[in-house]
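S.K.: the following comprises the amino acid sequence and a computationally predicted model.
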Amino acid sequence: MSTPDENNPVTLPVHFTGNPGRGKAHMAVPSQIGPDSPLDEILVFARHQNASDVHIGAQKPIIFRKFGQLKNMTDQILNADQISRLIAAALPQDFLYHFEQTGDAEYVHTINGYGRFRMAIMKQRNGWDLTARVIPMNIPKFEDTGMPAACAGLTKWSQGMVLVSGPAGCGKTTTLAVLVEMINQNRHDHIVTIEEPIEIVYEPKQCQITQREIKTHTLSQGNALRAALREDPDILVISELRDLSTIQLAVSAAETGHLVFGTMNTVNAVQTISSVIDSFPAEEQSIVRNMVSESLRGVICQQLVPKKDGTGMVPAYEILLITPPIANLIRVNKMTQINNAITTNRASGMVLMDNYLAELARKEIISKETAGERAGNPATVTQLLSNRAVSKIKFIEAASNREIVLNELIKYGILEESSPTEVRIKQNADVSPDVIRMIARDDFDKIWALLQFLAQRQ
């Protein structure tokens, strides 16, 4: 691969079809691994151990990431020669040449019967390093993912934009694959994916599917997107929206009759939308806000959280579905009000990440400490889990509208009677941090204003 500029290669590799990694296995799962184990044995052992990532580097043992934690898998330290021989034996010749010229290489390694592994190789101070992500063999069914039911509705739009966000390694690719596979099974459309690299290989069912890999099938993401718009697509899947030109093309495609799915490395719904808008020059942002408010259909934010019993990871979600009032908040740049809108639209399937984490902790799926560590506002999670009791007498005496406020809070599922003289925040109440703070401060006038807003939405 000739690459005068590593970020803009001018030629593509000769061999580009790839291998889905399915079929009959030609090797058994090893019982253990060591410094002299071939790369294929190490990767197969990692999949068998339910590891998510493999780290192999000079002056280090072989390390697996399991359930979010790094764990040494060998006692012996690998030297630079062992690492270079191991990587060189497995790396395709065109990628090996590219790696030697640039010091970095990414590709997908496949092992028949054991699937695909996303490889990132780099040169560093002590020699060569390799990190391999274990790609799932099969696309999970929607109902097995734990994804909120409202997310399924995002696959039914004919045009618009759906964003999946979260930190690296949180399962965005799998979530995207689940949604795409639902479309593949239930619609008759042309799906074009633009990925770097292709991780999950789709088998066409009801849909025609075209998968393209950056630097393997096309020179750049921008080239691929511009070409895709001439390929009669119905649905575009973009592995990552990371620069202005890609975001511009994605928003434009969503506005011109295509359904666009993409991922971003942002941690919540408001930050995701802001990142899209802020990537444009300041003088264009008011126009872009209008475009995004009209084209965006929903945002799924997620993270993977260790289970309390140590048996694995569980996804936690923040879900934003674009309704006309929320679209208006985007249009008029009142982004700070979106979280309150998510809370008041709980019945439609929306949820804030902190509320989702608190619910996982209530069910003892994750620990309270973990919920607080992963929350955007740990104090909110603490308050949600403390289930603070409020004196009914104090509440009625302090409220300007007396029993009406109390009864309305009970009606909307925010409070419940815990005794003849006390009420408390309802265990399953999906309330925003602002509501919790109002109740904690006995700020009844503001609570009454909120209740009036809720009543208008009924």
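M.R.: Received the coordinates, thanks.
S.K.: how about the helices in the stretch 101-250 of the chain?
M.R.: Applying DSSP state H, counting those that start in this stretch to the stretch 101-250 of the chain gives helices spanning 142-145, 172-186, 221-228, 244-255.
S.K.: from Asn265, how far out is the residue nearest the centre of the chain?
M.R.: Geometric centre of the chain, nearest residue: Lys172, 3.3 Å, by C-alpha atoms, centre = their mean. Lys172 sits 8 Å away from Asn265, going by C-beta to C-beta, to the nearest Å. All C-beta atoms are positioned from the backbone trio N, CA, C, and that covers glycine.
S.K.: okay, and the common contacts of the two?
M.R.: Residues within reach of Lys172 and of Asn265 at once, by C-beta atoms under 8 Å, 6 or more residues apart in numbering, are 165-166.
S.K.: domain ranges for the protein, per the record?
M.R.: When the chain is parsed with automatic domain parsing, its domains come out as 39-134, 142-351, 359-383, 387-457.
S.K.: show me where pLDDT drops low in the stretch 251-400 of the chain?
M.R.: Scanning the stretch 251-400 of the chain for pLDDT under 70 picks out the ranges 387-400.
S.K.: show me where it has its helices.
M.R.: In the stretch 251-400 of the chain, the helices defined using DSSP H, counting those that start in this stretch lie at 269-278, 285-295, 324-331, 338-344, 353-362, 368-374, 378-386, 392-398.
S.K.: quick one: buried residues of the first one?
M.R.: Yep, that's helix 269-278 we're talking about. For helix 269-278, a neighbour-count test (16 or more other C-beta atoms under 10 Å) marks 269-277 as buried.
S.K.: what angle sits between it and helix 353-362?
M.R.: Angle of helix 269-278 versus helix 353-362, following axes from the mean of the first three to the mean of the last three C-alpha atoms, to 10 degrees, is 150 degrees.
S.K.: helix 269-278: how far from the chain's middle?
M.R.: In terms of C-alpha atoms, centre = their mean, to the nearest Å, the centre of helix 269-278 is found 15 Å from the chain centre.
S.K.: one more: the fourth one?
M.R.: Helix 338-344 has its average C-alpha position 20 Å from the chain's average C-alpha position, going by C-alpha atoms, centre = their mean.
S.K.: ok, and the closest non-adjacent residue to Asn333?
M.R.: Among residues not flanking Asn333 along the chain, Arg289 sits closest, at 6.2 Å (C-beta to C-beta, 6 or more residues apart in numbering).
S.K.: any figure for the gap between the one you found and Arg297?
M.R.: 16 Å.
S.K.: Gln285 now?
M.R.: Gln285 is 21 Å from Arg297, where distance means C-beta to C-beta.
S.K.: and these two? which has more neighbours close in?
M.R.: Taking neighbours as other C-beta atoms under 10 Å, Gln285 and Arg297 compare with Arg297 leading, 21 against 15.
S.K.: now for the closest residue to that one other than its chain neighbours, how many residues are close by?
M.R.: Closest residue to Arg297 apart from its sequence neighbours, by C-beta to C-beta, 6+ apart: Gly160 at 4.0 Å. Using other C-beta under 10 Å, Gly160 has 19 other residues around it.
S.K.: so Gly160 sits right up against Ser293, yeah?
M.R.: No - using C-beta atoms under 8 Å, Gly160 is not in contact with Ser293; the gap is 11.3 Å.
S.K.: just for the stretch 51-200 of the chain, where's the confidence low?
M.R.: Under the criterion pLDDT under 70, no range of the stretch 51-200 of the chain is flagged.
S.K.: how deep is Glu41 tucked in, by neighbour count?
M.R.: 18.
S.K.: still on that earlier bit, contacts only, for the residue nearest to the centre of the chain.
M.R.: Applying C-beta under 8 Å, 6+ apart, the residues near Lys172 are 164-166, 263, 302.
S.K.: run the last query once more with 7 Å
M.R.: Shown in contact with Lys172 (C-beta atoms under 7 Å, 6 or more residues apart in numbering): 164, 166, 263, 302.
S.K.: I'd like these laid out as TSV, including neighbour count.
M.R.: Listed next are the contacts of Lys172 as TSV, based on neighbours: other C-beta atoms under 10 Å:
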residue	neighbour count
Val164	25
Gly166	26
Thr263	22
Gln302	25
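S.K.: okay if I get the residues you listed as a markdown table plus distance to Arg226?
M.R.: Output for the contacts of Lys172, formatted as a markdown table (distance: C-beta to C-beta, whole Å):
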| residue | distance to Arg226 |
| --- | --- |
| Val164 | 23 |
| Gly166 | 28 |
| Thr263 | 20 |
| Gln302 | 30 |
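S.K.: quickly check those for the two that are furthest apart.
M.R.: Thr263 and Gln302 (10.3 Å; C-beta to C-beta).
S.K.: any idea how far Ala327 is from Ser274?
M.R.: Applying C-beta to C-beta, the value for Ala327 to Ser274 is 15 Å.
S.K.: can you check Val251 too?
M.R.: Per C-beta to C-beta, Val251 is found 14 Å from Ser274.
S.K.: what comes up buried for stretch 258-271?
M.R.: Buried-residue list, stretch 258-271, by 16+ other C-beta under 10 Å: 258-264, 266-271.
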